[in-house]
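Engineer: just a sequence and a predicted model for now, questions to come.
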Amino acid sequence: MSRIGRKVIAIPEKVKVSQQALTVQVQGPKGMLSMDVHPRIKVVIEGHEVKLTRPTDIRTDRALHGLTRSLIQNMILGVTQGYSKDLEITGVGMKASVKGNVLSMALGFTHPVDYTFGKDVDIKCPKPTQITITGMDKQRVGQVAAEIRGYYKPEPYKGKGIRYVGEYVRRKQGKAVS
């Protein structure tokens, strides 16, 4: 049984948390995030901490309790520190570059693959084979990284493709010649 929902969320000095009806807004140095809270979960903001309560101990209430607490904590971390995901491109001739709000990738296809991203995330290429995605919203940063990785997932024979930094790709043995 998870007890994450019972933990109190500390609000840092530069962060302002407010609630209007079922919407929780978190404002900090990097910007503002908002989230709709499930009606069964009650959010109480007291001074420099946020407490969440649930009406009963049924399974769905316990799950929503921990989930809501984690999402609010992620919003607070997002507006103070931000989140980032790093991708690496492996393969001969594969590279990426950013021009404006378009990530252009040469992935061995007959055409370049372009990914247009919004203002909520920032994509940089420190090297032609590295992509760094940063932003306030943890879910959005992860979603953008997954969409970019989906253009050419790492294949198991030569390991070519786009992968997360540190991701292990299980390699297969090629065709055996006898």
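Structural biologist: Everything's here; your move.
Engineer: contacts, neighbours, all on C-alpha from now
Structural biologist: Will do.
Engineer: mind listing the helices for this structure?
Structural biologist: In the chain, the segments counted as helices under DSSP state H are 59-80, 138-149.
Engineer: looking at those helices, which is buried most?
Structural biologist: For these, the largest average neighbour count (mean count of other C-alpha atoms under 10 Å) is found in helix 59-80, namely a mean of 19.
Engineer: same for the longest strand along the chain, what does it pack against?
Structural biologist: Scanning the chain for the strand with the most residues, using DSSP state E, yields strand 83-90. Using 3 or more C-alpha pairs under 8 Å, 6 or more residues apart in numbering; DSSP states H and E, the elements in contact with strand 83-90 are strand 130-135, helix 138-149, strand 161-164.
Engineer: just the CA trace of the second one, in CSV.
Structural biologist: What follows is helix 138-149 as a C-alpha-only set of coordinates in CSV (Å, rounded to 0.1, in the frame of the first residue of the first chain):
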residue,chain,number,x,y,z
LYS,A,138,7.7,16.4,-16.9
GLN,A,139,5.0,14.7,-18.9
ARG,A,140,5.5,16.9,-22.0
VAL,A,141,9.3,16.5,-21.9
GLY,A,142,8.9,12.7,-21.8
GLN,A,143,6.3,12.7,-24.5
VAL,A,144,8.4,14.8,-26.9
ALA,A,145,11.4,12.5,-26.2
ALA,A,146,9.3,9.4,-26.9
GLU,A,147,7.9,10.9,-30.2
ILE,A,148,11.5,11.7,-31.4
ARG,A,149,12.7,8.2,-30.4
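Engineer: low-confidence ranges, this protein, go.
Structural biologist: In the predicted model of the chain, residues 1-2 satisfy pLDDT under 70.
Engineer: quick revisit: can you lay out the helices of the chain as JSON lines showing distance to Gly159?
Structural biologist: Output for the helices of the chain, formatted as JSON lines (distance: least, C-alpha to C-alpha, whole Å):
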{"stretch": "helix 59-80", "distance to Gly159": "33"}
{"stretch": "helix 138-149", "distance to Gly159": "13"}
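Engineer: out of these, which gets nearest to Val177?
Structural biologist: With C-alpha to C-alpha as the measure, helix 138-149 is the member of the helices of the chain nearest Val177 (32.6 Å).
Engineer: now the angle from that closest one to strand 130-135?
Structural biologist: Per axes from the mean of the first three to the mean of the last three C-alpha atoms, to 10 degrees, the angle that helix 138-149 makes with strand 130-135 is 150 degrees.
Engineer: give the other helices and strands that helix 138-149 contacts.
Structural biologist: Looks like helix 138-149 contacts helix 59-80, strand 83-90, strand 130-135, strand 161-164 (3+ C-alpha pairs under 8 Å, 6+ apart).
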